[in-house]
Every structure is written in structure tokens, then in C-alpha cells.
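**Q** Everything below, folded, please.
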Amino acid sequence: MGADREGDHRRPPEVSGAVTQTEIVTMSDEQLRTKLETLRRLGAATVHEAMGQRGYVDRAIAPLDPTTRIAGPAYTVDSKPHDNLMMHYALSKAQPGDIIVVDYKGYTRAAAWGDLMTHSARAHRIGGLVVDGAVRDAAAIVDMGFPVYCRGLCITGPTKNQIGRVGVPINVGGCTVRPGDIVVGDRDGVCIVPFDEIDAVIRAAEAREQREAAIIDRLASGATTVELLGLADVLDDAGLH
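**A** Numbering: from 1, shown residues only. Okay, here's the model as predicted:
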């Protein structure tokens, strides 16, 4: 999930009738794999807080299976609502480990994704899907173990004839996602990490994790959260002694 890739990490080409120059981000497979595994372990909430509460994707975009955890580079798709042509195109172009991230304009009256696309995604080792819209065939998708984060479910199928774009900045759940940004998702939700901030975010998130571990140790010894989080003065000012 999210880190098994071949060759250098590549941002997808922009497509709107024509393909532009592919931008290559220099990072070895092993370096990227290690960083993605670290972000996946840390989780969306810790990463979001470590970023100063940036990267937040609307909580309505939630996992079909809350046990899934993802971390991988975004392959961005700007799709027309009620049409999934560009998602089929993305499936044919995304690299193993990529997370396909789709701006479906929050549309939930037709499913953007279903079981057939999931079979294709698994065959191509895609890392997961985040879509600001609806999907269908949820039980089959969960049974296949493919991570999908979506706004809801709909039994109606889409058209397949509207040209959109891939490899461009998009907005998903109120958050800007650029090609190659890192998508971190789990039961708590989805967070987007700008690609050029990966190292700084990991350092900050691991430091936060270490601070929380120390707090947990003291809680186990009987200390209170009021004491450890410095809440006594606020409570005293409110007359809560």
C-alpha cells in the first residue's frame, strides 16, 4: 500500500487533450518507501497536528473500510461530475503505489468508482483512491482489501465521455492537492503533505509522538491531563478549582 514503486518518483503529466512534460522528483525508491512507511505508521491525525493543523481533508471523505491505512504520492484527477472517463485514464497511467486522488466536485448522485475499476487498480498495484464523490460496490471493494476514501455511496453509474485533466493541482474536500503530494489516510481521515515538506513533517510528527509517549507514561503513574497539559490556570480562571 502506498510505497511500492518502480524508477524515480514521477509526477503525472497534465492531460487536457495533450500531454505536457513529465516532472521528475529526485528521490530513490528506498528513500521514498521508508518515508511513506513512516508516515503511514504515524497516521493522519498525528501528521496533521505536526503540520500545524494543515493538510486537512473534509471529514466526510472517509474510508469504506476503517482498518485501511495509506500513504503514497497523489496522482491527481480533475473530473467532471457524473462522469469517470478520466479515472479510467488515470488507472492506465498511475504508477504502483500511487494514490489516485479525484476532484469529483463533491458529487454523490452517481458513483465515480466501482468493483471493476478496483480489480484493475489491484492488478496495477495502485495504493488507494481518495475521491470527493461517491462510489458503489462497497462490499466487493472492502472484500478485495483496496483502500477507498469517499464522500458516500450511490448505486447509479456515471457516463464515460467527458474530458477532464490529470496531473494538475486540484481541490479535494477543501484541501489543495498537487501532483506528487503525499496522501496519508486511516480511520481518522485524510491529510495531505506537500511533497517538499516530507522530511520536516516526519521530524515534527515523530517529536510529537515522543512527547505523547512521555505523557502516557506519566498518566499511567497517576498524573492527570489537567496537570500535564497545563490546564489548571484556565480552569481556575473559570472558577473550576
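**Q** Would you indicate which residues of stretch 78-95 are buried?
**A** Applying a neighbour-count criterion of 16 or more other C-beta atoms under 10 Å, one finds 78-87, 89-91, 93-95 buried in stretch 78-95. Where you see a C-beta, it was placed from the backbone N, CA and C, and this is true even at glycine.
**Q** likewise stretch 133-148?
**A** The neighbour-count check on stretch 133-148 (16+ other C-beta under 10 Å) flags 133-138, 141-142, 146-148 as buried.
**Q** And the contacts of that stretch?
**A** Under the contact criterion C-beta atoms under 8 Å, 6 or more residues apart in numbering, stretch 133-148 has outside partners 1, 63-65, 68-70, 79, 81, 102, 104-115, 118-119, 121-122, 126-129, 131, 150-157, 185.
**Q** just stretch 152-165 next, same as before
**A** 14-17, 60, 77-80, 82-86, 88, 108-112, 114, 134-136, 138.
**Q** Same check on stretch 222-240?
**A** 215, 218-219, 241.
**Q** Quick check: mean pLDDT of that stretch?
**A** If you average the pLDDT over stretch 222-240, you get 93.
**Q** and what of stretch 37-47?
**A** 98.
**Q** residues of it that come out buried?
**A** Buried-residue list, stretch 37-47, by 16+ other C-beta under 10 Å: 38-40, 42-44, 46-47.
**Q** top helix in the chain by residue count?
**A** helix 198-220 (DSSP state H).
**Q** need the helices for this protein, in chain order.
**A** For the chain, applying DSSP H gives helices covering 29-42, 44-50, 85-93, 115-123, 138-144, 198-220, 225-228, 232-237.
**Q** got CSV for those, with distance to V190 too?
**A** Below are the helices of the chain laid out as CSV (distance: least, C-beta to C-beta, whole Å):
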stretch, distance to V190
helix 29-42, 12
helix 44-50, 6
helix 85-93, 18
helix 115-123, 17
helix 138-144, 17
helix 198-220, 15
helix 225-228, 27
helix 232-237, 31
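**Q** Out of the ones you listed, flag the one nearest C175.
**A** Closest to C175 of the helices of the chain is helix 44-50 (C-beta to C-beta; 10.4 Å).
**Q** Break this structure into its domains for me.
**A** Following automatic domain parsing, the chain resolves into domains at 9-196, 205-237.
**Q** Need the max-distance pair from the buried residues of stretch 133-148.
**A** G133 and V142 (17.9 Å).
**Q** Tell me the spacing between the most centrally placed residue in the chain and G222.
**A** Note on the chain: the residue nearest the mean C-alpha position is V183, at 3.2 Å, using C-alpha atoms, centre = their mean. Look at V183 and G222: by C-beta to C-beta, to the nearest Å, they are 40 Å apart.
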